[in-house]
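Chemist: need a structure here:
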Amino acid sequence: MSTALRIAHGAFGRVALLDMDRSLVRHAHHHCHVLLKVEGADTQFMVGDQVTPLTDTAAVLVDGWKPHAYVHDVNRPRTLIMALYIEPEWLKEFRPGWAASGAPGFFERPSGEVSPRIRQLALHLAAEMMANPDAVRTHEQTLSDLMIAVIERFTPWRSFPTSIRGMSTVGCDWRIRRAMDAMRVHDSYSNVDQFVKGAGLSRAQFFRLFETSLGVSPKLYLNVVRMERALEAVMREDTPLGELSERFGFPEPAHFTRFFRDHAGVSPREFRNVSRLAG
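Modeler: Numbering: from 1, shown residues only. Now for the predicted structure:
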């Protein structure tokens, strides 16, 4: 069974140390998502349709909204993975153009050779999180150095806009953007047809235009919204998990636990307990 050793969270997003021996379902994030091996067996992810190795010398790099999945080989031992879920708004504080970290095409490719500095910073951050889980400011400083090193190595960062005026908005049809806004505030996570009707499009047009605009299907987007809300509730609320199960549309707590574990790698109870070590 996969376990979470540490979870740090803040304005930067989340950093999780996950000891993995179980695959995860295909999913996506709005975050700039970086995966680094800490120790254990070499492993792999599926990023889009490409098998991408995760080793001591190879990082996995996932653009915002890029569908991906962890693929565990049951014949291999566990892998301790550092999973970075970084908020583009936080990265924008370093350089305005780094707000593009949440958009397609930020990373030049889904895998890259880890430099000695990136390896050193990742191991240092992992050791800090294990030894002092509540030292969030220290973790954030190390994370800052790590993400600067990652972006400078794996992206064409010099070509990004250097001013707010120079930044362009990722193209997205206004009807789809309105539907996305409605999905983020609505409590329904399974009925896509109500959003199709609100967009004034046929079902086929809506699905085609949605995926063209964002790179994921409407159903996958709703799952992302539901999972992000669930993560926030599990971390920040004391609401019983049975009540959260009902809130997020699951008839049984066991169904909520399975959904959560399939996306985050661990159960909501474990995620809550570990994330609060940083409190």
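Chemist: okay, CA-based contacts and neighbour counts for the rest of this
Modeler: Noted.
Chemist: quick one: low-confidence ranges for this structure?
Modeler: For the chain, the stretches flagged by pLDDT under 70 are 160-171, 190, 279.
Chemist: what segments of it are helices?
Modeler: 88-91, 116-131, 136-154, 174-185, 193-199, 203-214, 218-236, 241-247, 253-264, 268-275 (DSSP state H).
Chemist: can you count the residues close to the closest residue to Pro251 other than its chain neighbours?
Modeler: The spatial neighbour of Pro251 that comes closest, neighbours along the chain excluded (C-alpha to C-alpha, 6 or more residues apart in numbering), is Ser245 at 7.2 Å. Other residues near Ser245 come to 18 when the count uses other C-alpha atoms under 10 Å.
Chemist: in this structure Ser245 contacts Phe260, no?
Modeler: No. Using C-alpha atoms under 8 Å as the test, Ser245 is too far from Phe260 to be in contact (10.1 Å).
Chemist: roughly how far does Ser275 sit from Met235?
Modeler: Separation of Ser275 from Met235 (C-alpha to C-alpha, to the nearest Å): 6 Å.
Chemist: picking up where we left off before, which of the helices of the chain sits closest to Glu39?
Modeler: In terms of C-alpha to C-alpha, the element of those nearest to Glu39 is helix 116-131, at 9.2 Å.
Chemist: in that closest one, what's buried?
Modeler: Ile118, Arg119, Leu121, Ala122, Leu123, His124, Leu125, Ala126, Glu128, Met129 (16 or more other C-alpha atoms under 10 Å).
Chemist: next one: stretch 203-216
Modeler: Buried residues in stretch 203-216 (16+ other C-alpha under 10 Å): Phe206, Phe207, Leu209, Phe210, Ser213, Leu214, Gly215, Val216.
Chemist: go on, stretch 106-118?
Modeler: Phe106, Phe107, Pro110, Ser111, Gly112, Val114, Ile118.
Chemist: show me what the nearest residue to the fourth one once chain neighbours are set aside is bridged to.
Modeler: Think Ser111. Of all residues not flanking Ser111 in the chain, Val60 sits nearest, at 4.8 Å (C-alpha to C-alpha, 6+ apart). Note on Val60: beta-bridge partners by DSSP bridges are Leu35, Ser111.
Chemist: thought Val60 was touching Lys37?
Modeler: No. Taking contacts as C-alpha under 8 Å, Val60 lies outside contact range of Lys37: 9.1 Å.
Chemist: quick check: neighbours shared by those two?
Modeler: Common contacts of Val60 and Lys37, defined by C-alpha atoms under 8 Å, 6 or more residues apart in numbering, comprise Leu54.
Chemist: residue ranges of each domain in the protein, please.
Modeler: 3-154, 174-277 (the TED database).
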